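Undergrad: Okay, predicted coordinates and the sequence, questions at the end:
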Amino acid sequence: MIMQKVLNRVPEVTVAFWIIKILATTVGETAADYLKAELKFGLVNTSYIMSGLLLMLLWNQFRLKRYVPVSYWAD
């Protein structure tokens, strides 16, 4: 029986993973707060902008055939 190499598109979950994940989440929330409060986009417009950005980043990640750190952490 020939074993196929399993393609993995996500990083190994370690302590470093959780530290980076928390930092990435914080940056995203801070960006949304900046759009809403400082640039006065309002909640609805900020929601549209951030949702559009998320959809574009997810589309990019799903089209990739392998794990690419920049693409993964941008989501």
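TA: Noted; the coordinates are in hand. None of the values given here were measured: they were computed from a predicted structure.
Undergrad: State the next helix or strand along the chain beyond whichever strand or helix holds L57.
TA: Assigned by DSSP states H and E, L57 belongs to helix 42-63. Using DSSP H and E, the helix or strand that follows helix 42-63 towards the C-terminus is helix 69-74.
Undergrad: quick one: buried residues of that following helix?
TA: 71-72, 74 (16 or more other CB atoms under 10 Å). The C-beta positions use only the backbone N, C-alpha and C, and glycine is treated the same way.
Undergrad: same thing with stretch 37-52?
TA: 41, 46, 49-50.
Undergrad: Alpha carbons only: can I get it in CSV?
TA: Extracted in CSV, the C-alpha atoms of stretch 37-52 (Å, rounded to 0.1, in the frame of the first residue of the first chain):
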residue,chain,number,x,y,z
ALA,A,37,-14.6,55.8,15.3
GLU,A,38,-11.7,57.7,13.9
LEU,A,39,-12.7,57.8,10.2
LYS,A,40,-16.4,58.1,11.1
PHE,A,41,-17.5,55.3,8.7
GLY,A,42,-20.1,54.1,11.1
LEU,A,43,-21.0,50.6,12.1
VAL,A,44,-22.8,49.6,8.9
ASN,A,45,-20.1,50.8,6.5
THR,A,46,-17.3,49.4,8.7
SER,A,47,-19.2,46.0,8.7
TYR,A,48,-19.4,46.1,4.9
ILE,A,49,-15.7,47.0,4.5
MET,A,50,-14.5,44.4,7.0
SER,A,51,-16.8,41.7,5.6
GLY,A,52,-15.6,42.4,2.0
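Undergrad: what comes into contact with that stretch?
TA: For stretch 37-52, contacts defined as CB atoms under 8 Å, 6 or more residues apart in numbering pick out 28, 31-32, 35-36.
Undergrad: I appreciate the help and will end here.
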